[in-house]
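[1] sharing a model prediction with you, sequence too.
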Amino acid sequence: MTAQRRQSGPFRAGDRVQLTGPKGRLNTITLEAGAIFHTHRGMVGHDSLIGLADASVVTASNGDEYLALRPLLGDFVMSMPRGAAIVYPKDAAQILSLGDIFPGARVVEAGVGSGALSLWLLRGIGPDGSLTSFERRPEFAEVAQANVVTFLGAEPENWDVVVGDLVESLPSAVEPGTVDRVVLDMLAPWECLDVVADALTPGGVVLCYIATVTQLSRVAEAIRATGMFTDPDSSETMVRGWHVEGLAVRPDHRMVAHTGFLLTARRLAPDTIVPQLKRRPSKTDFSDEDVEAWTPGALGERSATDKTLRRTARAARTAAGHARSAAEAGPTALDSHAQDDSGA
């Protein structure tokens, strides 16, 4: 079955719907016949939403009005079940741009995390491209696959999830010199550079998503040391929203600032030597202790427990089951009626 998200038409059972309440608070629900969405003030029956047009308003039992919308991809990834930290939409957009992800591209991704970046990459490559995602932890891979199915309605035919280590699995998963883009979202991307270089076509792009400055420095120097890539470029993306209401125009009090660094380099043709750039001497030696001191765990960031991962996997599987059922049901009578009205 071809995975294709339902973009328009009336709501139906299995659809994800984003409800915005009177105070601007967002709630995302999966429609189910007979179910009820409860708030501390009132209730909204799912049946009152099923058959309603996208971007409509529904009234709760207490009279509060809720705006109902199909979530955009950015909305979905921020509310979906998470086994691992996600790549934020602001970084995903930059990855698609800096990595030059194009329709028909053959892309390799490691690791898959909760599937957020996989969804953006699948959208970027289109049905003619292919995405091979590597993930060491099977529980993360399960959550990611369920999230992709939830959003698209089925698992894409051009997406292959490999549970295993990239260094060990990549050479057997792809032919040498055939991959257009490699995106690495992992703790130690410098350990994978040799197999990545073998997989990439000349001119292909490797992009690393990195959490800390020590990791950024180490992977940049490792890329230079291989002699197989162009000099790497690095950046970070910060997004600041603005409050605009009449003449009250000011930056928002909160902003999405640093989430990670993006580093890109391009694969050189075999036996190509890039002219050396003149730069000041600097310390380029690293030890494992240097990097370990700046890992998320050492900095106090919490990782999901096994119990949390099991609960997340169950939630993701449930959502994926609803999406599959809705996709397999096909257009309903309500959908056909809406199409007839729009055609008239």
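    Arrived safely, thanks for sending.
[2] confirm that Val108 sits in a helix.
    No - judged by DSSP: H, G, I helix; E, B strand; the rest coil, Val108 forms no part of a helix; its state is strand.
[3] OK, contacts around it?
    Residues in contact with Val108, defined by Cβ atoms under 8 Å, 6 or more residues apart in numbering, are 131-134, 170, 173-174, 179, 181-183, 196, 199. Every residue, glycine included, has its C-beta placed from N, CA and C.
[4] for the stretch 101-250 of the chain, which segments count as helices?
    116-125, 138-152, 166-173, 193-199, 213-226 (DSSP state H, counting those that start in this stretch).
[5] and those as a markdown table, adding distance to Arg266 and mean pLDDT?
    Below are those laid out as a markdown table (distance: least, Cβ to Cβ, whole Å; pLDDT from 0 to 100):
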| stretch | distance to Arg266 | mean pLDDT |
| --- | --- | --- |
| helix 116-125 | 18 | 97 |
| helix 138-152 | 28 | 94 |
| helix 166-173 | 18 | 96 |
| helix 193-199 | 11 | 98 |
| helix 213-226 | 10 | 95 |
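[6] nearest to Pro103, of those helices?
    helix 116-125 (6.3 Å; Cβ to Cβ).
[7] give me the distance from the closest one to the chain's centre.
    The chain centre lies 7 Å from the centre of helix 116-125; the measure is Cα atoms, centre = their mean, to the nearest Å.
[8] that one to strand 106-110, inter-axis angle?
    Angle of helix 116-125 versus strand 106-110, following axes from the mean of the first three to the mean of the last three Cα atoms, to 10 degrees, is 170 degrees.
[9] report the angle between the axes of helix 116-125 and helix 138-152?
    Taking the same axes, to 10 degrees, one finds helix 116-125 and helix 138-152 inclined to each other by 50 degrees.
[10] what does helix 116-125 contact?
    Residues contacting helix 116-125 (Cβ under 8 Å, 6+ apart): 73, 76-77, 80, 86-87, 89, 92-93, 95-96, 101-107, 109, 112, 131, 133, 144, 147-148, 151-152, 156, 158-159, 183, 185.
[11] pretty sure Phe134 is touching Val107, no?
    No - proximity of Phe134 to Val107 does not meet the contact threshold set by Cβ atoms under 8 Å, at 11.6 Å.
[12] so where do the strands sit in the stretch 151-300 of the chain?
    159-163, 179-184, 200-210, 233-236, 242-245, 248-251, 261-266 (DSSP state E, counting those that start in this stretch).
[13] helix, strand, or coil at Ala84?
    Put simply, Ala84 is coil when judged by three-state DSSP.
[14] for it, give me its contacts.
    Neighbours of Ala84 in contact, by Cβ under 8 Å, 6+ apart: 111, 113-114, 140, 143, 304.
[15] same thing with Met186?
    Counted by Cβ under 8 Å, 6+ apart, Met186 has contacts 110-111, 166, 192.
[16] which pair of those spans the longest distance?
    Gly111 and Cys192 (10.8 Å).
[17] who has more neighbours out of those two?
    Cys192 (23 against 20; other Cβ atoms under 10 Å).
[18] so what's that one up against?
    Contacts for Cys192 (Cβ under 8 Å, 6+ apart) come out as 110, 166-167, 170, 184, 186.
[19] for the residues you listed, I'd like a selection string for ChimeraX - just the buried members, please.
    For the buried members of the contacts of Cys192, the matching ChimeraX selection, counting by 16 or more other Cβ atoms under 10 Å, is:
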select :110,166,170,184,186
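[20] format the contacts of Cys192 as TSV; extra columns: distance to Leu247.
    Formatted as TSV, those follow (distance: Cβ to Cβ, whole Å):
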residue	distance to Leu247
Ala110	49
Leu166	53
Val167	58
Leu170	56
Leu184	47
Met186	48
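[21] from the contacts of Cys192, which is closest to Glu236?
    Leu184 (16.3 Å).
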